[in-house]
Each structure stands twice: as C-alpha cells, then as structure tokens.
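> sequence and predicted model, in that order:
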Amino acid sequence: MTKSKNQILNWVKDAIEIERRGLKALSESMTSDIASVVELLIRCEGRVVLTGIGKSGHIARKIASTLSSTGITAVFVHPSEASHGDLGMITHKDLVIGLSKSGESTELIDILNYCRRFGIVLVGVTEQNNSTLARSCNHVISLPKALEACPLNLAPTTSTTMMLVIGDALAVACLQARQFSPERFRDYHPGGKLGRKLMTAGDLMHTGEQLPLIDVDAKIKEAIIVMSHGRFGCVGIVNAVGELVGIYTDGDLRRQISEFSLDHPIRELMHAAPRKVSVDLLLVEITKLFADERIPSVFICQNNIPIGIIHIHDLLQKGIV
C-alpha cells in the first residue's frame with residue numbers, strides 16, 4: 001500500500017531519534033576504563049586487528065580504515081577466513097578487537113581461542129557482558145542495551161551505529177593523545193580533495209623566472225611590464241639584498257594611473273611590509289588567508305627572501321577553494 005510522504009518522513013525521523021537515544025546512552029555509559037583501551041592502541045607494537053561477522057564485520061572494516069588513516073596500523077581479518085589459515089596473520093605483538101552485539105558469534109570462537117592460547121591482548125565490543133566474547137577478553141567495551149531502529153527490534157541498526165561511534169571515538173582519542181599533526185594526516189591522505197587541502201605552499205608555488213619581482217629603485221613602467229608578462233596581478237619589490245619590501249597590484253595601477261608618470265619611482269607607490277607566508281603553510285590556511293584579508297595572491301618567503309608565489313587561481317584549479 002502506498003504511504004504518504006509525511007508518514008514516511010515520520011518513520012525516518014523515528015529511526016534517527018531511536019539511534020540518537022542509543023548514542024546518548026552510549027555516551028553516558030562510558031567510564032575511565034575506555035582510557036585503558038586507548039593506551040593499548042597507542043602502545044601497540046604490532047597491528048590492531050579488527051574482526052566481526054555480518055553487520056559487525058562491516059563496522060570492523062570501517063574502524064580499521066579509520067585507525068589506519070590516523071597513523072595506527074590496523075587491518076580487518078574475516079573470522080571465517082581466520083579459521084582457514086588467516087590466523088597466521090595475527091602475531092603476539094598485535095591487539096585484537098572483536099565486535100559482536102550478542103558476543104556469541106560462533107565464527108569468532110577460533111580467533112578467541114587463538115588469542116588466549118598465544119597471549120594476544122583481546123578487546124571486545126559487545127552488549128552482553130557475560131557472553132563468550134566478553135569472558136575471553138582482557139578488556140570489554142560494553143554497549144548499553146538499546147532498541148534497534150528496526151521496528152521489529154531485530155535488524156542491527158542502533159547497535160552497529162554505537163559500534164561505529166566507539167571506533168571513531170577511539171581513533172579521535174588516539175589522534176589527540178599522540179598530537180597527530182595535519183602534516184602527518186596528509187601523509188595518509190595524498191589523494192582527493194582532502195589530500196590537496198593538506199598540501200603546503202611549497203607543493204604549489206610558482207618559482208624561479210615566474211616570480212614577478214622588480215628592484216626597489218625601479219620605475220612604475222617596469223612594474224607594468226613585469227605584471228603584464230605574469231598572471232599574478234601583482235609585482236613584488238625587493239631591496240638590494242633580495243628581501244621583499246613591498247608589493248604593487250594591478251588594482252593599485254588602475255586606481256592611480258592618472259596620478260603619476262611612467263617614470264614615477266615604485267617605492268613611492270608600493271605597499272610596504274607585504275603579507276608573506278612560509279613554505280610549509282598548508283594550502284587550506286592560505287585559502288583562509290585569501291578570504292580573511294581579501295587578497296588574491298601571496299609571496300612565499302624564507303628569511304624575507306621571496307622564493308615563490310601562489311595565486312587564488314592556483315587553488316581554484318586544484319579544487320581547493
């Protein structure tokens with residue numbers, strides 16, 4: 001039977017509300033014991049091995065991916081494949097995290113026995129604290145009992161959302177505890193828009209003969225020639241030792257063109273103390289700089305010596321803006 005859009009909307013909102021209440025209960029159930037798991041993750045000398053079956057397995061894969069992207073070596077091992085040889089992938093230096101709402105997934109038994117036999121640290125994420133999984137673990141992250149968003153209270157929905165959030169929370173806590181820098185994050189995300197945003201000025205800047213520079217003793221006509229040959233809409237002015245001491249833009253030229261002759265000294269028209277950035281400044285920060293200061297380009301300097309320039313069009317072409 002066809003249902004009204006309002007009724008469907010209500011079903012959607014109800015499902016979201018049920019899962020929201022589950023996450024609220026999860027947050028309220030957390031204790032300082034979770035810090036022990038974070039410490040284990042940080043100190044792990046091997047790999048963090050995630051495992052689970054069914055929907056829990058899909059969540060385990062995602063947690064492994066998230067941990068890896070934040071600098072913790074993590075892999076997913078399918079419990080059925082583990083029983084057919086993949087147990088050899090798990091070493092005594094590894095940390096195993098098993099996910100199962102009931103804690104009674106028979107597919108996990110071989111991994112649990114293997115960990116106990118070889119003294120491998122095991123963390124369980126489960127709703128049942130007296131389950132086989134929980135009794136086998138060194139540490140247990142308990143999920144609060146909560147309704148599934150499924151109207152039959154059967155399909156894993158709220159429970160898997162809580163598992164996913166636990167994984168994200170562990171990854172974020174590790175990231176903060178290890179003071180994970182944007183530069184290291186970039187190392188693990190070289191592709192896509194995120195990777196491009198985490199590039200630095202040195203990765204994108206124009207250098208060498210492309211730099212629009214003139215001497216501080218030059219005339220305005222020389223500035224016009226250099227700006228016309230380039231595509232940056234400005235010219236940098238340097239002193240006798242090559243330090244950037246000023247900048248002059250095509251906007252300045254349009255506003256002042258009727259006020260001077262072509263032989264007018266550039267030092268009398270330039271903006272002194274121009275904005276400079278370092279070679280390791282992230283492009284995302286340069287994007288913010290352009291927006292905040294309403295400038296279209298900036299020089300990259302080392303010890304006040306210009307070594308590069310970036311224009312907003314460079315960011316646009318990279319898809320960063």
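Great, that's in hand.
> mind listing the residues bridging to the closest residue to Ser36 other than its chain neighbours?
Among residues not flanking Ser36 along the chain, His139 sits closest, at 6.0 Å (Cβ to Cβ, 6 or more residues apart in numbering). Every C-beta, even on glycine, is put in place using the N, C-alpha and C of the backbone. When bridges are called by DSSP bridges, His139 pairs up with Val123.
> can you tell me how far His139 is from Ala60?
16 Å (Cβ to Cβ, to the nearest Å).
> who has more neighbours, these two?
Set His139 next to Ala60 and count neighbours by other Cβ atoms under 10 Å: Ala60 wins out with 28 against 17.
> list the contacts for the more buried one?
Shown in contact with Ala60 (Cβ atoms under 8 Å, 6 or more residues apart in numbering): 50-52, 76, 97, 99.
> what about the closest residue in space to Thr157 that isn't next to it in sequence, neighbour count?
Nearest residue to Thr157 in three dimensions, chain neighbours excluded: Ala149, at 3.9 Å (Cβ to Cβ, 6+ apart). For Ala149, the neighbour count with other Cβ under 10 Å is 24.
> wait, Ala149 sits on Ile18?
Yes: in this structure, Ala149 is within contact of Ile18 by Cβ atoms under 8 Å, at 4.6 Å.
> anything in contact with each of the two?
Common neighbours of Ala149 and Ile18 (Cβ under 8 Å, 6+ apart) are 157-158.
> just the pLDDT at the residue lying farthest from the centre of the chain, thanks.
Centroid-distance maximum for the chain: Ser261 at 52.1 Å, with Cα atoms, centre = their mean. Looking at Ser261, its pLDDT is 86.
> in a helix, it, correct?
No: judged by DSSP: H, G, I helix; E, B strand; the rest coil, Ser261 forms no part of a helix; its state is coil.
> re earlier: with respect to Phe232, which of the contacts of Ala60 is nearest?
Phe76 (47.9 Å; Cβ to Cβ).
> show me the beta-bridge partners of the closest one.
Under the criterion used (DSSP bridges), Phe76 bridges to Leu50.
> test my guess that it contacts His58.
No: using Cβ under 8 Å, Phe76 makes no contact with His58, being 9.5 Å away.
> what about the residue nearest to Met89 when sequence neighbours are not counted, distance to Ile42?
Once flanking residues are discounted, Met89 sits nearest to Val77: 6.0 Å by Cβ to Cβ, 6+ apart. Distance of Val77 to Ile42, computed by Cβ to Cβ: 21 Å.
> neighbour count for the two, which is higher?
Higher neighbour count among Val77 and Ile42: Val77, with 22 against 12, using other Cβ under 10 Å.
> any idea how far Gly54 is from that one?
15 Å.
> with Leu269 instead?
Distance from Leu269 to Gly54, by Cβ to Cβ: 71 Å.
> of these two, give the one with the bigger neighbour count.
More crowded of Leu269 and Gly54, by other Cβ under 10 Å: Leu269, with 17 against 14.
> wait, what's in contact with that one?
Neighbouring residues of Leu269 by Cβ under 8 Å, 6+ apart: 220, 248, 252, 256, 260.
> about what we covered before: quick one, phi/psi of the residue nearest to Met89?
phi -120, psi 120 (degrees, to the nearest 10).
> helix, strand or coil for the residue nearest to Thr157?
Ala149 ends up coil, using three-state DSSP.
> any idea how far Gly57 is from it?
For Ala149 relative to Gly57 (Cβ to Cβ), the value is 19 Å.
> would you agree the residue nearest to Met89 is in contact with Tyr114?
No: with contact defined as Cβ under 8 Å, Val77 does not reach Tyr114; the gap is 10.5 Å.
> between those two, what contacts are shared?
What both Val77 and Tyr114 touch, as defined by Cβ under 8 Å, 6+ apart, is the set Ile90.
> and Gln302, what does it touch?
278-279.
> for this protein, just list every one of the helices.
5-29, 33-43, 55-69, 79-82, 109-118, 132-136, 158-177, 182-188, 192-197, 201-204, 220-229, 250-256, 283-293, 312-317 (DSSP state H).
> skip the chain neighbours and tell me the closest residue to the residue farthest from the centre of the chain.
The shortest distance from Ser261 to any non-neighbouring residue, by Cβ to Cβ, 6+ apart, is to Ile220 (7.9 Å).
> tell me how many other residues crowd the one you found.
24.
> so where's this protein shaky on pLDDT?
Within the chain, the ranges that satisfy pLDDT under 70 run 1-2, 180-197, 320-321.
> repeat that for 80
The chain contains residues with pLDDT under 80 at 1-3, 71, 178-198, 230, 318-321.
> my guess is Lys276 contacts Leu244, does it?
Yes: using Cβ under 8 Å, Lys276 is in contact with Leu244, at 6.3 Å.
> I am finished for the moment; much appreciated.
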